[in-house]
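below are the sequence and a predicted model; questions follow.
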Amino acid sequence: MLEILYRDEFLVAINKPSGLLVHRSPIDRYETEFAVQILRDQIGQFVYPVHRLDKPTSGVLLFALDKESASLLGEQFMSRESKKSYIAVVRGYIEERGIIEHALTIKLDKIADKDSSIPIEAQEATTEYERVATVELDFAVGKYDKTRYSLVKLYPMTGRKHQLRRHMKHISHHILGDTKYGRGEHNIFIREQFDCHRMLLHASELQIRHPHTNEILVIQASLDDTFESMCKLFN
């Protein structure tokens with residue numbers, strides 16, 4: 001059963017677990033469970049996803065309960081009126097705060113996007129970040145005798161595919177557990193030493209304007225046990 005964070009007659013938000021697809025996708029053709037299907041069965045209503053979270057990312061995921069609300073919310077996301085906050089653990093000591101402005105090409109999937117006519121030129125992409133804490137561990141990973149990690153808050157100002165994961169890679173502070181853009185030696189390390197088998201990226205907060213009342217909604221999602229235990233490394 002999915003954790004419901006907010007619900008009214010127009011909207012419902014859940015805390016999506018890491019590893020759960022939002023909807024059926026040819027990329028993961030053998031997956032049998034999807035957030036859309038589980039939530040529909042759980043509340044007994046058809047649901048319309050209005051934004052996306054990657055399969056390995058956990059956190060706030062918003063759905064509309066009717067087509068009109070879905071359209072109005074979609075406009076907010078397209079116009080960048082909504083605000084998103086993420087928590088991540090990254091390799092190295094990242095600066096206390098900064099802005100990443102690095103254009104990203106559209107990532108087309110060989111299966112899902114094989115017939116797509118989407119242009120592939122790079123699009124502007126901006127991410128703000130703020131360091132929360134750092135830790136140094138007495139383990140040798142790669143060429144270093146000790147291992148350093150940072151706990152960070154990430155604020156995407158644009159909504160490009162895999163933006164946070166690609167931006168963290170761009171500045172060489174890869175997100176731990178990211179098997180696509182991360183560093184394999186660190187992913188192996190957290191699996192073996194801390195039994196962490198997920199990507200450490202979590203959508204902790206979503207701020208939107210209610211499509212019918214104009215009320216500002218701030219929806220927050222707590223960390224799962226695995227992510228919480230990793231955060232304890234930072235005291």
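That came through, no problem. From a predicted model like this one, the values you see are computed outputs, not experimental measurements. Numbers count the residues shown, from 1 in each chain.

ok, S229 touching I190?
No. The criterion here is CB atoms under 8 Å, and S229 misses it with I190 at 10.7 Å. To be clear about C-beta, it is placed using only N, CA and C from the backbone, and glycine gets the same treatment.

so which of the two has more stuff around it?
Neighbours were counted for S229 and for I190 using other CB atoms under 10 Å; I190 has more, 22 against 13.

and for the nearest residue in space to that one that is not next to it in sequence, the neighbour number?
By the measure of CB to CB, 6 or more residues apart in numbering, the closest residue to I190 outside its immediate chain neighbours is C196, 4.2 Å from it. C196 has 19 neighbours, counted by other CB under 10 Å.

try I4
I4: 13 surrounding residues under other CB under 10 Å.

what's the overlap in contacts for S229 and I190?
Shared contacts of S229 and I190, defined by CB atoms under 8 Å, 6 or more residues apart in numbering, comprise C196.

for Y129, give the beta-bridge partners.
According to DSSP bridges, the residues that bridge with Y129 are G98, L154.

correct me, but it touches I87?
No. Between Y129 and I87 there is no contact under CB under 8 Å: 10.9 Å.

higher neighbour count, the two?
Between Y129 and I87, counting by other CB under 10 Å, Y129 is the more crowded of the two (26 against 21).

check contacts around that one.
By CB under 8 Å, 6+ apart, the neighbours of Y129 are I94, R97, G98, I99, I100, V152, K153, L154, Y155.

poorly predicted segments of this structure, please.
25-32, 107-120 (pLDDT under 70).

tell me which residue of it is furthest from the middle?
D145 (30.7 Å; CA atoms, centre = their mean).

any idea how far S229 is from H102?
32 Å (CB to CB, to the nearest Å).
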